[in-house]
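Student: 3D, please:
(one chain, ligands or ions: 2)
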Amino acid sequence: MTLTVLFAAGDAAFAEYQQPLRDAFVHHGLKVALVTDAAPADVDYIVYSPASTLRDFTPYTRCKAVLNLWAGVEKIVGNPTLTQPLARMVDPALTRGMVEYVCGHVLRYHLGMDAYISAPAGQWIAQEPPLAPERVVGILGLGELGRACADALVRLGFTVEGWSSRPKDVPDVTCHHGAEGFNLLLQRSDILVTLLPLTSQTENVLDAEAFAQMRDGSWFINPGRGALIDDDALLDAIDSGKIKGATLDVFRIEPLPADHPFWATPNITITPHIAATTRAESASNVIASNIARVEAGQTLLHKVDQQRGY
Ligand code: NDP
Ligand code: OXD
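Tutor: Numbering: from 1, shown residues only. Ligands and ions are numbered 1, 2, ... in the order given. Below you'll find the model as predicted:
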């Protein structure tokens, strides 16, 4: 049987994805008509990203799953017409990208690299950073990405603590949960990394009250989502020296508007939502193997809990 897979992720992404997806379908033994337009009632699966104009999922009555190209699902999960199961992107290449980004920025702050990069010629002032075990890295969110980053940081020797919604057991990581756990993590972290999904529960989780609890002179890295933080509260925390430096990859509005004060704040490093990109070849393999599972009567992997919103 030939499956109809609708690619609803924008023209630019189709140019990048069509060949890797076709190869991956063949590799997984699937006969697929990969299309960018089809009668909704004929569609078996939808490959989706928020770049699509598709908003009404109601007519896709035969569709067995919507497969999101992004790990974050905040732009689709609340769509009331979406009754089909939704899978988010969990991909080894994306995870590796995030691990590299987080470890790179943690090491930059830990080693005080900026002091040497921006030092004037002739300046010879040695600084001795503490070694990694003396540094606490706190990770908000212990899901696919938070756990992988925690594991890599543990292997680098850092003292790693994490926070999640439900209690967790992660080897060599002190795990917290709940409101009390959140406060403890903020108070103990020298470097705080945010890898939470954006939901009604997590929006503005890093507000003035939260920043006030952080250690004086700590560092902050946010590759999660922009709306997890209250922008003004972060600027105040940086102004006061509470936070010595922040690296931000995600923003409420992207691209970050040219007049946003983050651009003019020297202790903020801005990266343009590149912490972990979805790479076509590996993501296509993830999608094809998930469709193959469903066709073989197995469960869809990485299914979003539409109640929880992630
Ligand atoms: P997961 O769904 O695997 O993990 C989410 C984690 O957050 C879980 O540990 C979950 O807890 C925790 N969490 C959710 N809500 C709460 C809450 N209210 N209180 C405490 N903990 C909570 O997501 P991923 O790790 O795959 O991805 C995380 C986010 O990273 C994405 O949603 C996306 O926003 C962002 N991202 C950014 C990228 C970039 O390039 N900048 C690339 C990819 C993703 P529990 O385990 O108990 O459920
Ligand atoms: C994602 C992202 O969610 O790139 O995949 O932010």
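Student: Could you tell me how many residues sit around the residue in the stretch 1-150 of the chain that ligand 1 sits nearest to?
Tutor: Of all residues in the stretch 1-150 of the chain, Gly143 sits closest to ligand 1, at 1.7 Å by C-beta to the nearest ligand atom. For the C-beta atoms, the positions are set from N, CA and C on the backbone; glycine is no exception. Residues within reach of Gly143, counting by other C-beta atoms under 10 Å, total 18.
Student: Likewise for Ala296?
Tutor: With other C-beta under 10 Å as criterion, Ala296 counts 9.
Student: Let me see the contact set for it.
Tutor: Neighbour list for Ala296: empty [criterion: C-beta atoms under 8 Å, 6 or more residues apart in numbering].
Student: what's the distance between it and Gly181?
Tutor: Per C-beta to C-beta, to the nearest Å, Ala296 is found 40 Å from Gly181.
Student: interface residues of the stretch 1-150 of the chain facing ligand 2?
Tutor: Proximity of the stretch 1-150 of the chain to ligand 2 (C-beta under 6 Å from any ligand atom) is limited to residues 70-72, 89.
Student: give me that answer again for 8 Å
Tutor: Selection of the stretch 1-150 of the chain residues close to ligand 2 by C-beta under 8 Å from any ligand atom yields 69-73, 88-89, 94.
Student: These: which two are farthest apart?
Tutor: Within those, Val73 and Leu94 form the most distant pair, 13.8 Å apart (C-beta to C-beta).
Student: okay but His302 is in contact with Leu86, surely?
Tutor: No. Using C-beta atoms under 8 Å, His302 makes no contact with Leu86, being 9.2 Å away.
Student: neighbour count winner among the two?
Tutor: Higher neighbour count among His302 and Leu86: Leu86, with 23 against 16, using other C-beta under 10 Å.
Student: any idea how far the more buried one is from Val304?
Tutor: In this view, Leu86 and Val304 are 4 Å apart by C-beta to C-beta.
Student: same thing with His28?
Tutor: Distance, His28 to Val304, by C-beta to C-beta: 22 Å.
Student: okay, now Glu180: neighbour count?
Tutor: By other C-beta under 10 Å, 9 other residues sit near Glu180.
Student: In three-state terms, label it for me.
Tutor: Put simply, Glu180 is helix when judged by DSSP: H, G, I helix; E, B strand; the rest coil.
Student: still on that earlier bit, overlap of the contact sets of Leu86 and Val304?
Tutor: Contact criterion C-beta under 8 Å, 6+ apart; residues shared by Leu86 and Val304: 68, 73, 77.
Student: got a list of what the second one touches?
Tutor: Applying C-beta under 8 Å, 6+ apart to Val73 gives the contacts 86, 88, 197, 304, 309-310.
Student: Check the last one too.
Tutor: Taking C-beta under 8 Å, 6+ apart as the criterion, Val77 is in contact with 86, 304, 306, 309-310.
Student: That one looks like it's in a strand, true?
Tutor: No. Assessed by three-state DSSP, Val77 does not belong to a strand; its assignment is coil.
Student: ok, the closest residue to Glu144 other than its chain neighbours to His302 distance?
Tutor: Excluding its sequence neighbours, the residue lying closest to Glu144 (C-beta to C-beta, 6 or more residues apart in numbering) is Val90, at 5.1 Å. Distance of Val90 to His302, computed by C-beta to C-beta: 4 Å.
Student: Look at stretch 269-285 and report the distance between its end residues.
Tutor: Stretch 269-285 has an end-to-end distance of 33 Å (C-alpha to C-alpha, to the nearest Å).
Student: contact partners of it?
Tutor: With C-beta under 8 Å, 6+ apart, stretch 269-285 has contacts from 16-17, 20-21, 23-24, 27, 69-71, 89, 91-95, 97-98, 101-102, 105, 145, 223, 245-251, 254-256, 262-263.
Student: quick one: buried residues of it?
Tutor: By neighbour count on 16 or more other C-beta atoms under 10 Å, the buried set for stretch 269-285 is 269-270, 273, 275-276, 278-280, 282-285.
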